[in-house]
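1. One predicted model, sequence on top.
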Amino acid sequence: MGLSFLVLGCSSSQPSATAPTPAPSTNSISQDPRVNEAIEQSCYQCHSTGGKAPWYAEVSPTYLAANSARKVLNFSDWATYDDQTKAEALKKIEQSVQSGSMPPGDYTALDHSARLADDQKQALLKWAATPAVATH
């Protein structure tokens, strides 16, 4: 019941004053600004070393496992990935976005700003389907 109250109390559509600061644009992952925006908004919290979830989303089981998520894919290290690592990551990103498993539902239920809009999903899918050498 306490968690229900917490979830209901945080379900406002108003922006949070404690929302995470997006990673600097100098860390661009893609040449497409829509892709970078989607990644910063929906992925950086768990998949970058600079990610920080809003306090109310930190109770999500998925976010509690963010350290293991960063070991799987860390956008802070994207520039250091070789082409093979990027290609494998892009394939996993494509599968995860297409299946709807990323961003995880338990996390987006608490942090509504991390939800991907349809146009963001399409931009990510298009980007993930491109060869790694063209993605930077």
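-> That came in fine, so what should we check first? Residues are numbered from 1 along each chain as shown.
2. Just give the number of residues close to Tyr56.
-> If you count neighbours by other C-beta atoms under 10 Å, Tyr56 ends up with 16. All C-beta spots, glycine's among them, are computed from the backbone N, C-alpha and C.
3. gap between it and His112?
-> For Tyr56, the distance to His112 equals 10 Å [C-beta to C-beta, to the nearest Å].
4. What is the neighbour count of Tyr81?
-> As a burial measure, Tyr81 scores 17 neighbours (other C-beta under 10 Å).
5. what about the closest residue to it other than its chain neighbours, helix or strand, and which?
-> Take Tyr81 and drop its neighbours on the chain: the residue closest to it by C-beta to C-beta, 6 or more residues apart in numbering is Ala89, 6.8 Å away. Secondary structure from DSSP states H and E places Ala89 in helix 83-99.
6. Quick one: list the elements packing against that helix.
-> Under the contact definition 3 or more C-beta pairs under 8 Å, 6 or more residues apart in numbering; DSSP states H and E, helix 83-99 sits against helix 118-128.
7. mind listing what the residue nearest the centre of the chain touches?
-> In the chain, the centroid-proximal residue (C-alpha atoms, centre = their mean) is Cys43; its distance is 0.9 Å. Applying C-beta atoms under 8 Å, 6 or more residues apart in numbering, we find Cys43 in contact with 75, 102-103.
8. Buried only: go through the residues you listed for me.
-> Among those, those scoring as buried are 75, 102-103 (criterion: 16 or more other C-beta atoms under 10 Å).
9. can I get those in TSV with pLDDT?
-> Output for the buried ones among the contacts of Cys43, formatted as TSV (pLDDT from 0 to 100):
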residue	pLDDT
Phe75	95
Met102	94
Pro103	94
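10. mind giving me JSON lines with those and columns for distance to Asn67 and secondary structure?
-> Converted to JSON lines, the buried ones among the contacts of Cys43 look like this (distance: C-beta to C-beta, whole Å; DSSP: H, G, I helix; E, B strand; the rest coil):
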{"residue": "Phe75", "distance to Asn67": "15", "secondary structure": "helix"}
{"residue": "Met102", "distance to Asn67": "17", "secondary structure": "coil"}
{"residue": "Pro103", "distance to Asn67": "17", "secondary structure": "coil"}
